[in-house]
Structure formats: C-alpha cells, structure tokens
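Visitor: Pasting the sequence and the predicted coordinates here, then a few questions.
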Amino acid sequence: MAAPELTSAPLIDARGISFAYGSTPVLEEVSLSVRPGEFVALVGPNGSGKSTLLKILLGSLPSRTGVVRLVGSPPDELHDRGRLGYVPQRPSLSPDVPATVEELVSAGRLARRGWWRPFTAEDRLAVRHAMESVEIGELARRPLAELSGGQQQRAFIARAFASEPELLVLDEPIAGVDAESQRRFRDSLVHLIREHGAGVLLVSHELSAVSGDIDRVVVLKKRVLFDGPPSDLEREGVSLGIHAGDLPLWLEGLR
Amino acid sequence: MIAAIGLPFPFELDFMQRALAAGVVVGVFAPLIGTFLVQKRMALMGDGIGHIAFAGVGAGVLAGVYAVWSALAFAVVGALGIEWLHARRRTSGDLALALFFYSGIALGVVLASRSGGLDASVLGFLFGQPLTVDAGEVGTIAVLGAAVVAVVLTLRRALFAVVTDVDWSKVAGLPAGALNNVLAVLTAASVVAAMKIVGILLIAALMVLPVATGQLLARSFGGTLRWAVVLGVGSVVAGLAASRVWDLAAGGAIVLAAAGAFLIVAAAKRSLPGSVRLQGAEA
C-alpha cells in the first residue's frame, strides 16, 4: 500500500451535531475529530447515541444541526469513497453465503477501483496485501461459513483495508472475538496507522487489546462527556484495560 | 422433416433443435440472474414478476398488441415497484412480492376474460410451449440472453457486494439503488424472454433450483454461478429429452429435472461421511 499524503486537516471533523428521533433527543452539540495518524476510540453506554453519530459521520443520516466533514467533504458529497474504510457492527452478509474470503475482500476494492471497472493486477495485489495484513492470506480460498468468528471478523476488516483507506471506521469490531484474534486485530490497526498514516475511529467497549495504542478516548452520552488521552481518563480511576474500575463497568454506571 | 444439423435422437428434428437452442440460452441466463436474487433473499422475485407479466399478457390480448411487449412493459414496471417497496423497507420482501403476485395474476385473468377468455395461447404463456418456438423467437432470446450475460459478468463484483451487504455497499459508495434496479430489470426481461420456453409460472424455478443445487456443490460465489449455469443447461436438455421420449409437458419436465438434480445432490451430500448439514433443506 502506498502511504497516503499526510495532512493536518482532520479526516473526520464534526462540530455541533444534534439529532432527535421525533421529540427524543439523541445527540446534543456533539463535536468529534480524527486526524491522520490518530487512533480515536468512541465509547458510551447503550443508547448513548454512538450508532446515530456514526450514521451521521458516514452520511447515512443527515444531521439536524452542525457541520460534518468526512475526508474534507460533506459526507454525502464524498465521491472517492475508497479513502474511507468501514467495518460494520453486524455485517448483513449472511454466514451461509457461499463466498470465499477473497471474494469478500475483493468487494472492498470496488470503492477504490470503481464498481464498473475490471480488476487489474494492482487490484489483485491490494486484495492479497489486505488479507495478509490481517493474517488471513492462507484462508483466501476458504468459504466464510467455515471460518471462526474471529477469522470472519478479520475478513471484514480486510475488506475495509482493500481500498487502502486514509480513514478507517470500525463499529464494535471485536465483540465476542477470542484473545488471539484481538491481538492480530490490534497489530493490523497499528500497522495501518504507523505505516500508512491512516486515522482510525474505533467504536467499542472492549479496548483492552488496543489500550496502549489509543491516542484519544471520546466518551459519549448524548453529549461528549470526555475527550482526551487515556491517561487523563485513568486519573479519574477508569482503566481501558481489564481492571476492577474498567471501562465497561464505568460506562454501565453512566446509564 | 429434415434435421437442420445432425443431432441424435431426441433432438434430430427441427422443432426440437429450436427448443433446445432457446432452452439452453434460458438455462444459462435464468440461473445467472437467480444466483444474485437468492443471495438477496428474494428468491421468489422471478415468480412475482412472472405473475405481473401475466397481467401484461392479458392486457396485450385485450389491446390487440403483441403480448410479449405488453408483458415486458408490465414486468419491468412491476420489478421496479417491488424493488422500490423492498429498498424502502415499507414492507418485508415476501410481503412486497405477495402484493404483486396476487394482483398481477388476478389482473391477468380479468383482462384476458374481457378479451374473450383464457384460450390456448394465453395458457401457453403460463406453462410454456418450447416445442412451438420459431427461429425469430430463438434469435430474440439469444440476443437478450447475451445482453444479460454481458451485464452480469461486467457488474458481478458490484452486484455481489450489493446483494450480500447493502448497508456496507452504500457506505463504500456503490450505487446500491441503481444496481438493484438493474438486477430487477434484468429479472423482468429474463422472465419475459423465457416465458415461451418454460412458462410464466415455471421460469422462476429455473432461477432458483439450479442455484440451490449449485450452493450445495460450490465453495465460492463464482463456483455457485458456474454450477448453477451447468445445472440450468443440464435441466433444460434433460427436460426436453424427457418430454420427447415420454410425451410430457416440456416446461414442467425441465423444472422437474432441476428439482430432481437438487434432490439427488442433497441426498448424496447427506450420505457422504462428514457432510455438512444442508442449509434450508431440513425444514
């Protein structure tokens, strides 16, 4: 993968976002940014508005107030979607679809190549590189249905990697995944950030696998309650690792 | 009757060779489209469009225009309507199909009855008349089949992405709505092109049964496409041969051949040591 040009412009720049479902406010004056090379974790209790915020950031939902810039453009005007990699929380792809890992990951390349253009040797190399970066290269020809949950999740991450994104957005990607898969997941994210200067926005409650790599934690509960480095959160007695005062328990207390 | 080319029994006669040529084309493009419909969990889309096409046949008979064109117009509009309802999640996929299913078949019956009743030509569209296909119809089906194959092969990666994970596809910038509409229109055109061969009520079976069997045999999406086409063509050849040998209704024989292939493969797979429990075959 060629390293994207590093700029100081934020890859995600959201300011003053508010949203309500009917008369029920979900987000109030939320601001969030992710810069190139930055690893940001977005956390919050259930119902805190994380999913709604993500939809607004990705352009699936219009915000009622505020301004959003995704890789420099309003989300619905970002035409070069290959600059964005996305790993959904629960991929709607059924596990019994007779698709191989390589076929799934190749779909990710469409965002960069153009959906109507034939694949070139460069595309096939990028797909191979994406699979190897999450250590599933040897599983390329295996049907997804035969893989473990952790291997499947890495295949979905490889699909996002295949477009060589400048920004990677992951929604609860390691829920229920074994420790070994979490370690490989962490290694692949660190590789993307350090080697390619990409920005990462990770929505997850399980941050222990990446606790040493996160630059900023954003705690959301309709509003942004905290936005700063993990060390500042730890000073408040909240650890991203697995300790008595760990993050999931603390978030539960916020509900 | 002199044979056009030297094929052996039961395909030595002209009308059998025309049926074979048209049927083989249908055997290629119907499962090709069907593979994407099955992954989209809209396996009955072809059936729903078939019912709407029947309303088009009835309208054509009533208006005195060539029924294939009126059927095509109804089928395309109906297919886009089903897709519109499905995409907006106004109704579940099967409910959207059911709405069009029953309205279409009822409208077809009413329109046909207004024009003098359900005669043999109308029933021919319902159950197929492959043995009466003329050379012009073979050419039309071949052109349409080539167009369907070309579009599907060109867009196969994008169609695969959209039918298997539409939410991700939208975030990735794929034109999910347009691609789904392309699939809907291809389905409509395929149904109308194939209705003379296997009939409106049975064309959907050729879009689904070879795919179901192909999924049992393949270990990839590309493999499923290839197996579905092989099984679709094989079903057409076997069904036409059976219809000649045992004087059976050709459309029904083709579909029964496809169903038989599924049962044989499913049974063989179950009997193999360590075979995987078949998805959806247990109910």
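Guide: Sure, I can see it.

Visitor: which phi and psi does the closest residue to chain A within the stretch 51-200 of chain B have?
Guide: Residue nearest to chain A within the stretch 51-200 of chain B: B:G173 (2.8 Å; CB to the nearest CB). Glycine gets a C-beta too; all of them are placed from N, C-alpha and C. Dihedral pair for B:G173: phi 90, psi 10, per degrees, to the nearest 10.

Visitor: Once you drop chain neighbours, what's closest to it?
Guide: Spatially, and ignoring its direct neighbours in sequence, B:G173 is nearest to A:R81 (2.8 Å; CB to CB, 6 or more residues apart in numbering or on different chains).

Visitor: Tell me which residues touch that neighbour, please.
Guide: Taking CB atoms under 8 Å, 6 or more residues apart in numbering or on different chains, we find A:R81 in contact with A:A111, A:S163, B:V171, B:A172, B:G173.

Visitor: Between which two of those residues is the distance greatest?
Guide: A:S163 and B:V171 (11.1 Å; CB to CB).

Visitor: tell me, what's touching those two both at once?
Guide: Common neighbours of A:S163 and B:V171 (CB under 8 Å, 6+ apart) are A:R81, A:L84.

Visitor: For those two, work out which one has more neighbours and name it.
Guide: The neighbour comparison of A:S163 against B:V171 (other CB atoms under 10 Å in any protein chain shown) goes to A:S163, with 27 against 24.

Visitor: Can you read off the backbone torsions of the residue nearest to B:G173?
Guide: Phi and psi for A:R81, reported as degrees, to the nearest 10, are phi -70, psi -10.

Visitor: just A:D215 next, same as before
Guide: Here A:D215 shows phi and psi, under degrees, to the nearest 10, equal to phi -90, psi -40.

Visitor: Can you pull the residues of the stretch 101-250 of chain B lying near chain A?
Guide: Residues of the stretch 101-250 of chain B lying close to chain A (CB under 8 Å from any CB of the partner chain) are B:154-155, B:157-158, B:160-161, B:164-175, B:179, B:215, B:218-224.

Visitor: Which stretches in chain A count as strands?
Guide: Applying DSSP state E to chain A gives strands spanning A:12-21, A:24-34, A:39-43, A:65-70, A:84-87, A:167-171, A:199-203, A:216-221, A:223-228.

Visitor: Output those strands as a markdown table; include the columns mean neighbour count and mean pLDDT.
Guide: Shown next, in a markdown table, are the strands of chain A (neighbours: other CB atoms under 10 Å in any protein chain shown; pLDDT from 0 to 100):
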| stretch | mean neighbour count | mean pLDDT |
| --- | --- | --- |
| strand A:12-21 | 17 | 93 |
| strand A:24-34 | 18 | 94 |
| strand A:39-43 | 24 | 93 |
| strand A:65-70 | 18 | 93 |
| strand A:84-87 | 26 | 92 |
| strand A:167-171 | 24 | 93 |
| strand A:199-203 | 24 | 94 |
| strand A:216-221 | 22 | 92 |
| strand A:223-228 | 15 | 92 |
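
Visitor: for these, which one sits closest to chain B?
Guide: The closest of the strands of chain A to chain B is strand A:84-87. By CB to the nearest CB, the value is 4.6 Å.

Visitor: before we move on, back to that, now that we have the strands of chain A, can you turn them into a markdown table and tack on distance to A:E146?
Guide: As requested, those are exported to a markdown table (distance: least, CB to CB, whole Å):
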| stretch | distance to A:E146 |
| --- | --- |
| strand A:12-21 | 36 |
| strand A:24-34 | 35 |
| strand A:39-43 | 32 |
| strand A:65-70 | 36 |
| strand A:84-87 | 21 |
| strand A:167-171 | 24 |
| strand A:199-203 | 28 |
| strand A:216-221 | 36 |
| strand A:223-228 | 42 |
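
Visitor: mind checking which of the ones you listed is nearest B:V208?
Guide: From the strands of chain A, taking CB to CB, the stretch that ends up closest is strand A:84-87, at 31.7 Å.

Visitor: Show me what the closest one packs onto, helices and strands only.
Guide: With contacts taken as 3 or more CB pairs under 8 Å, 6 or more residues apart in numbering or on different chains; DSSP states H and E, strand A:84-87 sits against helix A:149-161, strand A:167-171, helix B:166-171.

Visitor: what does it rub up against?
Guide: Taking CB under 8 Å, 6+ apart as the rule, strand A:84-87 contacts A:58, A:70-71, A:78, A:108, A:111, A:156-157, A:159-161, A:163, A:165-171, A:173, B:168, B:171-172.

Visitor: mind running it again at 7 Å?
Guide: Here strand A:84-87 makes contact (CB atoms under 7 Å, 6 or more residues apart in numbering or on different chains) with A:58, A:70-71, A:78, A:156-157, A:160-161, A:163, A:165, A:167-171, A:173, B:168, B:171-172.

Visitor: which residues does the closest residue to A:R216 other than its chain neighbours contact?
Guide: In space, and not counting its chain neighbours, A:R216 is closest to A:V40: 4.8 Å by CB to CB, 6+ apart. A:V40 is in contact with A:V34, A:V200, A:L201, A:D215, A:R216, A:V218, counting by CB under 7 Å, 6+ apart.

Visitor: I'd like to know the beta-bridge partner residues of the last one.
Guide: When you say that, I think you mean A:V218. Beta-bridge pairing of A:V218 under DSSP bridges involves A:L42, A:D227.

Visitor: give me every residue that touches it.
Guide: Per CB under 7 Å, 6+ apart, neighbours of A:V218: A:L32, A:V40, A:L42, A:V224, A:D227.

Visitor: Which members of those define the maximum pairwise distance?
Guide: Spanning the widest gap among these are A:V40 and A:V224, at 11.8 Å by CB to CB.

Visitor: Low-confidence ranges, the stretch 1-150 of chain A, go.
Guide: Scanning the stretch 1-150 of chain A for pLDDT under 70 picks out the ranges A:1-8, A:90-97.

Visitor: Residue in it with the shortest distance to chain B?
Guide: Proximity of the stretch 1-150 of chain A to chain B (CB to the nearest CB) peaks at A:R81, 2.8 Å away.

Visitor: tell me the SS of B:G116?
Guide: Look at B:G116: counting by DSSP: H, G, I helix; E, B strand; the rest coil, its state is coil.

Visitor: how many other residues sit next to it?
Guide: When neighbours are defined as other CB under 10 Å, B:G116 has 10 of them.

Visitor: What helix or strand is the closest residue to it other than its chain neighbours located in?
Guide: Leaving aside its sequence neighbours, B:G116 sits nearest to B:V61 (CB to CB, 6+ apart; 8.0 Å). Using DSSP states H and E, the element containing B:V61 is helix B:45-63.

Visitor: Just the buried residues of that helix, please?
Guide: Residues of helix B:45-63 classed as buried: B:45-62 (neighbour count, 16 or more other CB atoms under 10 Å in any protein chain shown).

Visitor: Enumerate every residue touching A:D178.
Guide: Applying CB under 7 Å, 6+ apart to A:D178 gives the contacts A:G150.
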